[in-house]
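1. Next comes the sequence, and after it the predicted model I'd like to discuss.
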Amino acid sequence: MCGYQGLRVEAKAMIESEQTPFLSMYFDKTSERVYILADSESLKKVRDVKALIEMEDILKSTFEESKKLTMFDQKVEVERPSYLSCAGGLSHHTCHALKPQYQLSWERNLKECFEDRTPRDVNFERLPREILRGIFVFLEPSDLKSVNLVCKNWQNVADEPALWKEFDLPLKCRKSGNKFFRFFQKSISSKLQILSLHNFSFQLNDSHIQDLLNLDLKSITIGSIDLFNVYDDSFAQLVNNCKECEIKEYEPKLKTTNGININVLGLNKLNAIFRKMESGTKLKSLSLSCCAGSDKTLDLSFIPSSTLANAFNKLECLELCQVKLGPNQWKAIFDDMSVKSKLKSLNLESLNLEAVDMKVFDNVFSNLTTLILRGLDLDNNQLKHFAENLDQSCKLKTLMLRNIKAKELPPRLLERVVTKVSSVDLDFVEMTVDQLEQIFHIISTGSSSIKQLNLFGIADIHEINPETLAKGINKLQFFDFANIGENVFTENQTKEMFEVMSQGTSLKKLGTASEPLALEWMDNIGKVDPEILAKAIHNLEEVTLALEESYLPLPQYMAIFKRFGQKTN
């Protein structure tokens, strides 16, 4: 006996003779209906659950799909030796199958199999380059060296320069001259892209520099190091073979040769670097700074003005920190740049510009995309000239003003300068309430270009009108107010900020694009209505919660998490 009649006979015997609970549903192709075959008690229970309708839909859809059906008997599958063991071979591994969304209670308690579940036909040597590259990017140089030896395909991917972009000279090579030379006898040395010349335990000489000259370096950083035994021209060539160079001058360690004191970096080496830049260089970015103390400078006043002008004019990015230049040098440098400059980024920090005519900068700012001014002790007339120049010719995308005394600038002038730029840092800038009000007013109207605004150490934010401040902040994409002091925002300012945010905002998150700011760090955040706060932060693309600090009251956390799972921006 087969078909429905056979199933009915077997089911009747199991239910009435063996008293086994039984529940089955089947699709009758003649009537195209789903019928139930079950014991009486299970039938009562199944008619009270929504699953009855869902199972009916499953059977109907299976019939409509017209796919070939095969038998599945879970009891038989379970009793196979391979069900809980890998002994039966991978082809029978139900224990290796993906877990279904819903399981029977006994299935959830099964022990997992931890034996090798790699399909026999997978060949890792033939993985696509994109997948290998996505894996190798997380490896350290020592691990990349190992995968280089696996096969030709892996070697081709592991040799890609992009995977070695953070590869610097190993620490052991800084401790011993012999290990330095042995390293350069190995092929892995050709992978070096960045070079940090500082804290060597032995004295470098020209033989070491010759090994470094054979590399295709991207950047070089020169710090506390003794280069007395290195030829000036060789060292200048090494620097100019790179695309980026950072020179940090420290307090000189003086040596005595025939009674003469010698600077270990050497003024002659600096001069040689600039002469080589003048004649031809790969350098695109140069940073010069003095780390010997706030009262010390890196003195470049001895270098001819024309040499510096021709050298700097080859750059796209220039940073000068605690550097001493004469008025004529400044004029020569920026006069030359006004004619044929490639400069896109200029960083001036802790410089004495007292005797410098600000007009020398007039024709340079118009080509810049990034301008950073930090700790410049400018008088009111100099700063006003700077601002007027930027107001008239600004094409900046990034403007950073730090430790600048700007209170004497007219509010409208300062506002016009900063609101033309997409990313603005006003950190420890001395400003008046009127200046701040004017900036946030223009931002709030939507006529500003600012997308990211960073404020750090601004004293008078709490005096800005709450509505103006709230509307302005919510017109930005990123707003950073980290660690700018206690009670920077008043209770009314904070409440208004999140009230406006709850109705709609341009903010993507609090903090910068790369460094989010925890919600709990906001002044008076605990006094914001829980529902308003929850609605506000769910209008952001990203929010960071410092749960371990627990600054928020429990009702606020409950309101926030209650909205998770609902549609957000």
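-> Arrived safely, thanks for sending.
2. quick one: contacts of the helix or strand where W154 lies?
-> Taking DSSP states H and E as the criterion, W154 maps to helix 152-158. The contact list for helix 152-158 (Cβ atoms under 8 Å, 6 or more residues apart in numbering) reads 125-127, 129, 132-133, 136, 144, 147-149, 163. To be clear about C-beta, it is placed using only N, CA and C from the backbone, and glycine gets the same treatment.
3. out of the residues you listed, which are inside helices?
-> Judged by DSSP state H, helices contain the following of the contacts of helix 152-158: 129, 132-133, 136, 144, 147.
4. from those, which two are the most distant?
-> Greatest spatial distance among the ones in helices among the contacts of helix 152-158 (Cβ to Cβ): R129 and L144, at 14.8 Å.
5. And these two? Which one has more around it.
-> Between R129 and L144, counted using other Cβ atoms under 10 Å, L144 has the larger neighbour count: 21 against 13.
6. count of neighbours near the closest residue to the more buried one other than its chain neighbours?
-> Spatial nearest neighbour of L144, chain neighbours left out: A158 (5.1 Å); criterion: Cβ to Cβ, 6 or more residues apart in numbering. By other Cβ under 10 Å, the residues close to A158 number 22.
7. returning to that earlier point: give the buried residues for the helix holding W154.
-> Using 16 or more other Cβ atoms under 10 Å as the test for burial, helix 152-158 gives 153-154, 157-158.
8. What of stretch 336-350?
-> Those buried within stretch 336-350 under the rule 16+ other Cβ under 10 Å are 336-338, 341, 343-350.
9. go on, stretch 404-414?
-> Buried-residue list, stretch 404-414, by 16+ other Cβ under 10 Å: 404, 406, 409, 411, 413-414.
10. Stretch 425-434 too?
-> In stretch 425-434, counting by 16+ other Cβ under 10 Å, buried: 425-429, 431-432, 434.
11. Run through who's touching it.
-> 399-407, 411, 414, 418, 453-458, 460, 463-464.
12. repeat that for 7 Å
-> 400-407, 411, 454-458, 460, 463-464 (Cβ atoms under 7 Å, 6 or more residues apart in numbering).
13. Next: stretch 352-371.
-> For stretch 352-371, contacts defined as Cβ under 7 Å, 6+ apart pick out 327, 330-331, 334-335, 337-338, 341, 343-346, 376, 378, 382, 385-386, 389-390, 393-399.
14. try 6 Å this time
-> 327, 330-331, 334, 337-338, 341, 344-346, 382, 385, 389-390, 393, 396-399 (Cβ atoms under 6 Å, 6 or more residues apart in numbering).
15. ok, and for that stretch, which residues are buried?
-> Buried residues in stretch 352-371 (16+ other Cβ under 10 Å): 353, 356, 358, 360-365, 368, 370-371.
16. Dihedrals phi and psi, L426?
-> Main-chain dihedrals, L426, degrees, to the nearest 10: phi -120, psi 80.
17. roughly how far apart are it and K191?
-> Using Cβ to Cβ, to the nearest Å, L426 is found at 42 Å from K191.
18. those strands in the stretch 201-350 of the chain, which residues are they?
-> Ranges of strands in the stretch 201-350 of the chain, per DSSP state E, counting those that start in this stretch, are 219-222, 244-249, 255-257, 260-262, 285-290, 298-299, 317-321, 323-324, 345-349.
19. Any idea which of those has the lowest pLDDT on average?
-> Among the strands of the stretch 201-350 of the chain, strand 260-262 carries the lowest mean pLDDT, at a mean of 35.
20. In the stretch 151-300 of the chain, where is pLDDT below threshold?
-> Confidence mapping of the stretch 151-300 of the chain against pLDDT under 70 gives the ranges 164-165, 250-266, 292-294.
21. following the helix or strand encompassing D425, which helix or strand comes up?
-> According to DSSP H and E, D425 maps onto strand 423-427. Sequence order places helix 433-444 as the next helix or strand after strand 423-427, per DSSP H and E.
22. The closest residue to M522 other than its chain neighbours in helix, strand or coil?
-> Distances taken as Cβ to Cβ, 6+ apart place T494 nearest to M522, at 6.2 Å, with adjacent residues excluded. When classified by DSSP: H, G, I helix; E, B strand; the rest coil, T494 comes out as helix.
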